[in-house]
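In: The following comprises the amino acid sequence and a computationally predicted model.
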Amino acid sequence: MKRHVRSNWSNAVLVCAKCSKKLDGGFGPKGRTPLAKALRKHLGLKKGRKGAAGIVEVKCLGVCPRGAVSVVNGAASREWLLVPEGADLTALADALGLDQPAA
């Protein structure tokens, strides 16, 4: 391959879109936002390759827990997380090793 595209990502997080859809949101202040979008907003990440970390929704990770969303940290792919509906986003960011927003 001759072409390369750079990103500013220090980490990539995969979030199961199918699990998020089954919960019909479940995160954020009102509990209606999908996990990937709520986590991006909570961390204040830019869109696409310009963000400090990449939070990518993938079609299905194949775990399919009830009342939770499957999440994989690209840097630690041997450990998968099952994030329950309404979970604390700060604790999730810590568990994934993502930087917290500046206060």
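Out: Sure, I can see it. Remember, predicted model here, so these are calculated numbers, not experimental data.
In: residue boundaries of the helices in the chain?
Out: Ranges of helices in the chain, per DSSP state H, are 17-23, 35-43, 89-96.
In: Could you single out the most deeply buried of these?
Out: Burial of the helices of the chain is given as mean neighbour count (mean count of other CB atoms under 10 Å); helix 35-43 ranks first at a mean of 21. Every C-beta, even on glycine, is put in place using the N, C-alpha and C of the backbone.
In: Just want the angle from it to helix 89-96.
Out: 100 degrees (axes from the mean of the first three to the mean of the last three CA atoms, to 10 degrees).
In: Tell me the helices and strands packed up against helix 35-43.
Out: strand 12-16, helix 17-23, strand 54-58, helix 89-96 (3 or more CB pairs under 8 Å, 6 or more residues apart in numbering; DSSP states H and E).
In: Alpha carbons of the longest one, as CSV, please.
Out: Right, the one you point to is helix 89-96. Provided in CSV are the C-alpha atoms of helix 89-96 (Å, rounded to 0.1, in the frame of the first residue of the first chain):
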residue,chain,number,x,y,z
LEU,A,89,-19.2,8.4,31.5
THR,A,90,-16.3,9.7,33.7
ALA,A,91,-15.7,6.2,35.1
LEU,A,92,-16.0,4.7,31.6
ALA,A,93,-13.4,7.2,30.2
ASP,A,94,-11.1,6.2,33.1
ALA,A,95,-11.6,2.5,32.4
LEU,A,96,-10.8,3.1,28.7
